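S.K.: the amino acid sequence is not available; the structure is as follows:
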Ligand SMILES: O=P(O)(O)OC[C@H]1O[C@H](OP(=O)(O)OP(=O)(O)O)[C@H](O)[C@@H]1O
């Protein structure tokens, strides 16, 4: 199969993803152009993609927090690009939505992750994302019927901690977080603890107690994939403070930070809140775009 020429790629940027798309364009030595959206008085969206897509490998850049309003324009853009001659249409969604609704937790519920993945799979040829929440599915492959790259943010997080945090103690708020905590701790050569979480509702979360024991001289670093209401992180911060540990640095891969999450987490006793730039937010301090660019090089068969 012929290798892809780097200039053959064009990034199409959905609104709100400009910084990420520019960073990727620089890394991939290609152009990024905006997808224009116009909302009609009836609430429908008109999507306009740029000219010159014939025989190009088009990569849409659209993180998928608050996904319901983003999905229709994204699908319209993907189909428009293909109809206007794109040879391939891929998607970079640094945050991939709906992965938490991966089973029917109660009778009658939709298994949204399955439908969401099936819909996207019908419109795109490949997908790159960062640490998708695969608690029970474990991999993207069975969900998405296309080539996928699930980039691990752990190396970037570990590198940030190494230069910013003296004597870190990594703490994960639930068993699901152990995969990220262990990877970051290993790269740092740092100790880690994993708590047990009980979720009773959207904003009703508790975590197990901590035995502060040997850790009084360490800087606690709480790390989780998603920070949405922050109730998980808040419960963990409270346990740390009860145990007499220092105020923790809270790190999230995906800073959704709904509603009052940010001030509530600070009020609970976080020392600071730091995130990866999978979703544009003032807490972004850890750049995962180089890792995504690397994944795109593989997916698009570009030379390193
Ligand atoms: O900021 P919050 O609103 O607390 O949401 C974030 C938490 O939710 C997710 O896990 P979840 O509780 O959905 O559990 P799961 O791993 O069983 O899907 C995620 O891994 C975080 O721990």
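M.R.: Everything's here; your move. These numbers come from a predicted model, not from an experiment. Numbers count the residues shown, from 1 in each chain.
S.K.: tell me the contacts of residue 271?
M.R.: 246-250 (Cβ atoms under 8 Å, 6 or more residues apart in numbering). Where C-beta positions appear, they are placed from N, C-alpha and C, glycine not excepted.
S.K.: apply 7 Å and report the result again.
M.R.: Taking Cβ atoms under 7 Å, 6 or more residues apart in numbering, we find residue 271 in contact with 247-249.
S.K.: for the ligand, what are the nearby residues on the protein?
M.R.: 100, 133, 135, 173-174, 176, 199, 205, 224-232 (Cβ under 6 Å from any ligand atom).
S.K.: buried subset of those as a ChimeraX selection?
M.R.: To isolate the buried members of the residues of the chain next to the ligand in ChimeraX, using 16 or more other Cβ atoms under 10 Å:
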select :100,133,173,174,176,205,224,225,226,227,228,229,230,231,232
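S.K.: so of the residues of the chain next to the ligand, which ones are in helices?
M.R.: Among these, the ones falling in helices (DSSP state H) are 231-232.
S.K.: the residues of the chain next to the ligand in strands, which ones?
M.R.: Counted as lying in strands by DSSP state E, out of the residues of the chain next to the ligand, are 199, 205, 224-227.
S.K.: any chance of JSON lines for those, columns pLDDT and distance to residue 128?
M.R.: Below are these laid out as JSON lines (pLDDT from 0 to 100; distance: Cβ to Cβ, whole Å):
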{"residue": "199", "pLDDT": "93", "distance to residue 128": "29"}
{"residue": "205", "pLDDT": "94", "distance to residue 128": "30"}
{"residue": "224", "pLDDT": "97", "distance to residue 128": "21"}
{"residue": "225", "pLDDT": "96", "distance to residue 128": "16"}
{"residue": "226", "pLDDT": "97", "distance to residue 128": "18"}
{"residue": "227", "pLDDT": "97", "distance to residue 128": "21"}
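S.K.: between these, which is closest to residue 254?
M.R.: Closest approach to residue 254 among these (Cβ to Cβ): residue 226, at 4.9 Å.
S.K.: three-state assignment of the closest residue to the closest one other than its chain neighbours?
M.R.: Nearest residue to residue 226, sequence neighbours excluded (Cβ to Cβ, 6 or more residues apart in numbering): residue 254, at 4.9 Å. When classified by DSSP: H, G, I helix; E, B strand; the rest coil, residue 254 comes out as strand.
S.K.: residue 254 reaches residue 224, doesn't it?
M.R.: No. Taking Cβ atoms under 7 Å as the definition, residue 254 is not a contact partner of residue 224, at 8.9 Å.
S.K.: how near is the residue in the stretch 1-150 of the chain that the ligand sits nearest to to residue 238?
M.R.: Here the stretch 1-150 of the chain gets closest to the ligand at one residue, residue 135, 3.9 Å apart by Cβ to the nearest ligand atom. Residue 135 sits 23 Å away from residue 238 when distances are taken as Cβ to Cβ, to the nearest Å.
S.K.: and what of residue 281?
M.R.: According to Cβ to Cβ, residue 281 stands 23 Å off from residue 238.
S.K.: what do you get for residue 201?
M.R.: 17 Å.
S.K.: who's more crowded, those two?
M.R.: Set side by side, residue 201 and residue 238 show more neighbours around residue 238, with 14 against 7, by other Cβ atoms under 10 Å.
S.K.: what's near enough to touch the nearest residue to the more buried one once chain neighbours are set aside?
M.R.: Distances taken as Cβ to Cβ, 6+ apart put residue 268 closest to residue 238, at 6.0 Å, once the chain neighbours are dropped. By Cβ under 7 Å, 6+ apart, residue 268 lies in contact with 234, 237-238.
S.K.: sitting in strands, which of these do you find?
M.R.: Among the contacts of residue 268, no member falls in strands (DSSP E).
S.K.: which one of those sits closest to the ligand?
M.R.: The closest of the contacts of residue 268, once distances to the ligand are taken by Cβ to the nearest ligand atom, is residue 234, at 7.9 Å.
S.K.: once you drop chain neighbours, what's closest to that closest one?
M.R.: Excluding its sequence neighbours, the residue lying closest to residue 234 (Cβ to Cβ, 6+ apart) is residue 268, at 4.4 Å.
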